[in-house]
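K.L.:
heads up, no residue letters with this:
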Ligand SMILES: CC(C)(COP(=O)(O)OP(=O)(O)OC[C@H]1O[C@@H](n2cnc3c(N)ncnc32)[C@H](O)[C@@H]1OP(=O)(O)O)[C@@H](O)C(=O)NCCC(=O)NCCS
């Protein structure tokens with residue numbers, strides 16, 4: 001090997017080594033290649049985590065989605081097939097494989113919610129734009145765990161990863177104007193309502209208005225800082241009693 005080429009090779013190797021933490025920005029395909037597990041955290045006596053979907057989640061997914069049809073369907077995209085036919089094992093496997101392909105191309109991050117080690121919902125990030133560093137999210141959780149703070153824990157785990165580890169800049173969610181539970185959850189997570197999109201999506205068999213909710217990485221960081229300060233003050237108060 002002639003000396004100039006050796007020098008160039010060493011410089012390139014050194015640059016690659018020092019820029020390794022930023023590579024996912026230039027190569028969105030590398031956003032994530034391994035199976036993911038986020039958490040766990042303890043919420044209301046439960047262990048809550050997020051992980052990559054498995055083909056074997058099909059049965060639990062079908063059972064919960066059929067049981068919770070009344071709560072989920074009004075806010076889910078309208079389809080020609082009825083709810084039962086939309087929740088077969090074959091449909092899950094097809095969706096799972098399609099999402100994995102999207103994930104490999106850097107445009108999606110599919111996650112499932114695990115409560116006490118069992119499948120209990122989904123928290124998907126789609127339309128990831130690797131150049132703009134933006135994503136859209138949708139979530140649903142088994143109603144047996146409703147109003148226990150699990151939606152907030154799931155949002156917190158996901159945002160820490162998307163803003164902190166992946167370096168995204170903005171996450172948005174289109175929420176039906178009548179979906180009080182989802183609106184309250186994203187508001188408590190620090191999202192801002194940016195406006196109403198008239199007749200935006202066909203959900204539950206009807207074309208409905210949706211509010212656009214969004215949070216940026218700056219808003220998320222400020223909120224984390226504020227939370228840490230409040231916890232510090234609360235800790236000091238307890239110690240001084
Ligand atoms: C939206 C959803 C994920 C919230 O999950 P959750 O685990 O019940 O949420 P949390 O317990 O963390 O509650 C967060 C806040 O929302 C409020 N909330 C939850 N369900 C509510 C309801 N049915 N009505 C009013 N407020 C509700 C909680 O009270 C809490 O606010 P608070 O602290 O001021 O009391 C869940 O209701 C769900 O899966 N809904 C069906 C699917 C759906 O609509 N997904 C959104 C489409 S993108």
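P.N.:
Perfect, thanks for sending it. Owing to the predicted nature of the structure, the values given are computational and were not obtained by experimental measurement. Residues are numbered from 1 along each chain as shown.
K.L.:
spit out the contact partners of residue 99.
P.N.:
By CB atoms under 8 Å, 6 or more residues apart in numbering, the contact set of residue 99 is 53, 108, 110, 124. C-beta coordinates here come from the backbone N, C-alpha and C atoms, glycine included.
K.L.:
and these, which of them are in helices?
P.N.:
Among the contacts of residue 99, no residue falls in helices (DSSP state H).
K.L.:
which of these lies closest to the ligand?
P.N.:
The ligand lies nearest to residue 124 out of those, by CB to the nearest ligand atom, at 9.4 Å.
K.L.:
chain neighbours aside, what residue packs nearest to residue 51?
P.N.:
Ranked by CB to CB, 6 or more residues apart in numbering and with sequence neighbours excluded, the top spatial neighbour of residue 51 is residue 37, at 4.7 Å.
K.L.:
give me the pLDDT value at the one you found.
P.N.:
Note for residue 37: predicted pLDDT of 98.
K.L.:
I'd like to know how many residues surround the residue in the chain positioned nearest to the ligand.
P.N.:
Across the chain, the shortest distance to the ligand (CB to the nearest ligand atom) belongs to residue 151, at 2.7 Å. Look at residue 151: counted by other CB atoms under 10 Å, it has 26 neighbours.
K.L.:
same deal with residue 237?
P.N.:
As a measure of burial, residue 237 has 9 neighbours, counting by other CB under 10 Å.
K.L.:
list the contacts of it.
P.N.:
For residue 237, no contacting residues are found, by CB under 8 Å, 6+ apart.
K.L.:
that one in helix, strand or coil?
P.N.:
helix (DSSP: H, G, I helix; E, B strand; the rest coil).
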